[in-house]
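Novice: Show me the folded form of this:
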Amino acid sequence: MSSDSSFRAAAATEEVPAAAVAHPAWRRVWWFYGIAFGGAVLVALLLWLVGPMVGSSATLVTQLGAALLYMPLPLVAALIVDRRDGRTPLLTTQWRRLRANFWPTVGRSVGYAVAVMVAVLGVGLAVSLAASALGVPGAGHLVGSDAEFTEHLRQMVPGATPETQLPGIAVVVGAGVLNGLLAGVTINALFAFGEEYGWRGFLADELRPLGAVRANLLTGLLWGLWHAPIIMLGHNYGADWAIGIPLMVAWTTPFSFLLWWVRARTGSVLAPAFLHGAFNGTVGFFALILIDTNPLVALPVGLLLAVALAVLAAVVWRLPTRSAA
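Specialist: Numbers count the residues shown, from 1 in each chain. Okay, here's the model as predicted:
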């Protein structure tokens, strides 16, 4: 079965009305995006106004604002559009299916999310090592010893002194990845669900008639641009927000294919929420093990992330994709 055929087959298992799969309802799509993006602008404006009031805590406030106010916007937009059109929301049908098959669905969703995230870390490391070996400017290099890692970590820890005792690379990275994966499928997933319900839930269903490839290309573009207001506040790319916005689109597009794939394999929006949460919780470990990097080039959020995700998405795309029963 082709990927596009699987994409359409998945629609039947998600109880999508026949009218919704005949052709894209562009009015619903643009209402959804208008509400989600408009809300993003308002939240970013609020955070920008609050920033001077909190001084040195502005970064923390921006991060909390992103988690509590920004990430739920796609969910809110989807529910508003469904309510406006008198449609049964996907949230209702997903809840019915989850109640009928709770633990198998959750277990399968966690399994796929963790497996794909481990693959992302592995491919990301391979791409970073290859770029470093090829002398790609800004790719940085892998820490070569515990002493080098400790010095690098000391520079990243506020208030650390040469006398501060810090753990070695194996302990920090191992514990960090495990904790990140655990957080990803628990607390992080709660926040990520708001985004995934909108992008890989509502919007994916609306764009099914385009086929999986075009639907994910469009979703990746819209999803990446939706981050523009908060990137302009310095999120991920600091003062380089003008370059950061297209860079965000560059990696949200291949990542959208992976997030869609885990939903298609499990039949649940929980799977991309778990994967998104795990990504947020673990991808930052590259900042710990890579030295002398340019954040616009190197992982965790530079151009090489887009390369790593594109490579993995291309591999996954060749795998048979069964829609969940």
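
Novice: where does the stretch 1-150 of the chain have low pLDDT?
Specialist: Applying pLDDT under 70 to the stretch 1-150 of the chain flags residues 1-21, 54-56, 58.

Novice: what are the ranges of the strands in it?
Specialist: Taking DSSP state E, counting those that start in this stretch as the test, the strands found in the stretch 1-150 of the chain are 141-142.

Novice: all helices for it, in order.
Specialist: Assigned by DSSP state H, counting those that start in this stretch, the helices in the stretch 1-150 of the chain fall at 3-13, 18-22, 26-54, 58-65, 73-85, 90-100, 102-133, 146-156.

Novice: Relative to residue 275, which of those helices is closest?
Specialist: Nearest to residue 275 among those is helix 102-133 (4.0 Å), distances taken as C-beta to C-beta. In short, each C-beta sits where N, CA and C put it, glycine included.

Novice: So for the one helix or strand residue 279 maps to, mean pLDDT?
Specialist: Under the criterion of DSSP states H and E, residue 279 resides in helix 270-282. Helix 270-282 shows a mean pLDDT of 97.

Novice: Could you shift the numbering so residue one becomes 9, and keep it that way?
Specialist: Got it, first residue is 9 now, which makes that one helix 278-290.

Novice: buried ones in that helix?
Specialist: Using 16 or more other C-beta atoms under 10 Å as the test for burial, helix 278-290 gives 278-290.

Novice: How about stretch 80-87?
Specialist: Those would be 80, 81, 82, 83, 85, 86, 87, for stretch 80-87 by 16+ other C-beta under 10 Å.

Novice: ok, and what's touching that stretch?
Specialist: With C-beta atoms under 8 Å, 6 or more residues apart in numbering as the contact definition, stretch 80-87 has outside contacts at 39-41, 43-44, 47-48, 51, 97-99, 199, 201-207, 209-211, 234.

Novice: that older thread, using CSV, please lay out the buried residues of helix 278-290 together with distance to residue 221.
Specialist: Formatted as CSV, the buried residues of helix 278-290 follow (distance: C-beta to C-beta, whole Å):
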residue, distance to residue 221
278, 24
279, 20
280, 17
281, 23
282, 24
283, 19
284, 21
285, 26
286, 25
287, 22
288, 26
289, 29
290, 27
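
Novice: Closest one of the residues you listed to residue 74?
Specialist: Taking C-beta to C-beta as the measure, residue 74 sits nearest to residue 288 out of the buried residues of helix 278-290, at 10.3 Å.

Novice: ok, that closest one to residue 143 distance?
Specialist: 31 Å (C-beta to C-beta, to the nearest Å).

Novice: Can you list phi and psi of the closest residue to residue 248 other than its chain neighbours for me?
Specialist: Excluding the flanking residues, the one nearest residue 248 by C-beta to C-beta, 6 or more residues apart in numbering is residue 304, at 6.0 Å. The phi/psi pair for residue 304 (degrees, to the nearest 10) reads phi -80, psi -10.
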